[in-house]
Structure formats: structure tokens, C-alpha cells
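[1] Build me a model from this:
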Amino acid sequence: MASINLTISGATALIARFGGKLDLAGSVVVGTNVNYARYVHDGTSRMVGRPYLTNALTSQRARVVSMLEARVVELLKGSGGSIKPALLAAGLVVQAEAQRNTPVRTGNLRRSLHTEAM
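    Residues are numbered from 1 along each chain as shown. Predicted coordinates for the structure are as follows:
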């Protein structure tokens with residue numbers, strides 16, 4: 001079965017900058033397991049792709065970065081915890097945007113989009 005996933009990870013540059021001082025490890029996956037999702041997203045020899053997942057991340061990039069930066073600031077102030085809650089929240093923002101932009105109107109692809117913290 002074909003599937004498509006988009007992964008948002010903890011910022012590598014921030015991990016390098018703060019070393020072991022902060023827990024910035026983690027990722028979140030936004031995706032679907034619908035068998036035709038990749039064909040809709042990437043296209044085929046007969047159909048142009050409609051990249052609803054990557055477009056969702058692109059359009060929400062500033063918001064996602066802002067959310068992750070805010071969490072890093074909290075961590076630097078000693079709030080404890082990790083970046084994982086912010087990663088999950090960022091994934092849900094991207095998922096919501098992808099659901100709004102899913103070009104297939106039947107609803108199955110739209111409903112199958114999910115976010116999973118890793």
C-alpha cells in the first residue's frame with residue numbers, strides 16, 4: 001500500500017547550538033495511509049501533482065517556526081520538559097492546513113490525514 005508522510009523534526013541547528021543543555025530531540029509525522037495519496041500528491045504520467053502536504057507546511061512555515069522558537073525560549077528559561085509538545089502542536093497545524101487543501105472532495109483522503117509524535 002502506498003502512503004505519504006511529511007516529517008517535522010527538532011531543529012538541527014538549535015541542537016548543535018545548545019548541545020546537551022536542552023532536550024530538542026523528537027519529530028512528528030503528518031501523513032496518510034490511503035493507497036492513492038502519493039498519486040494525488042506527487043502526480044502521475046497522466047495527472048499533475050497536487051502537493052497538499054508540502055504546500056501546507058510551506059504556507060504554515062512561519063507559524064511552525066514561531067511555535068518551535070517559543071518552546072525553545074521556554075526551555076532556555078528553565079521550564080523543563082522537551083520540544084515534543086511544540087512539535088506535536090506544529091504537526092497539528094500542518095495537518096489542519098493539509099485537510100483544508102486536500103484536492104480530493106470525497107473526504108476519505110482528508111479524513112485519513114493524521115499526526116503522530118515520534
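
[2] Now the residue sitting furthest away from the middle of the chain, what are its backbone angles?
    Ranking residues of the chain by C-alpha distance from their mean position (C-alpha atoms, centre = their mean) puts residue 46 at the top, at 28.2 Å. Note on residue 46: backbone dihedrals following degrees, to the nearest 10 are phi -110, psi -10.

[3] and what of residue 78?
    phi 90, psi 20.

[4] Over to residue 81?
    The phi and psi torsions at residue 81 (degrees, to the nearest 10) take the values phi 90, psi -160.

[5] Any idea how far the strand or helix carrying residue 99 is from the middle of the chain?
    According to DSSP states H and E, residue 99 maps onto helix 84-101. Put simply, helix 84-101 sits 6 Å off its chain's centre (C-alpha atoms, centre = their mean, to the nearest Å).

[6] Next: stretch 38-48.
    21 Å.

[7] do the same with stretch 46-65
    Distance of stretch 46-65 from the chain centroid (C-alpha atoms, centre = their mean) equals 10 Å.

[8] residue ranges with poor pLDDT in the protein?
    The chain contains residues with pLDDT under 70 at 1-23.

[9] quick revisit: pull the residues that contact the helix holding residue 99.
    6, 8-10, 26-30, 52-53, 55-57, 59-60, 63-64, 67-68, 70-71, 110, 113-117 (C-beta atoms under 8 Å, 6 or more residues apart in numbering). Every C-beta, even on glycine, is put in place using the N, C-alpha and C of the backbone.

[10] distance of the nearest residue to residue 68 once chain neighbours are set aside from residue 71?
    Nearest non-adjacent residue to residue 68, counting by C-beta to C-beta, 6 or more residues apart in numbering: residue 86, 5.3 Å away. Using C-beta to C-beta, to the nearest Å, one gets 4 Å for the distance from residue 86 to residue 71.
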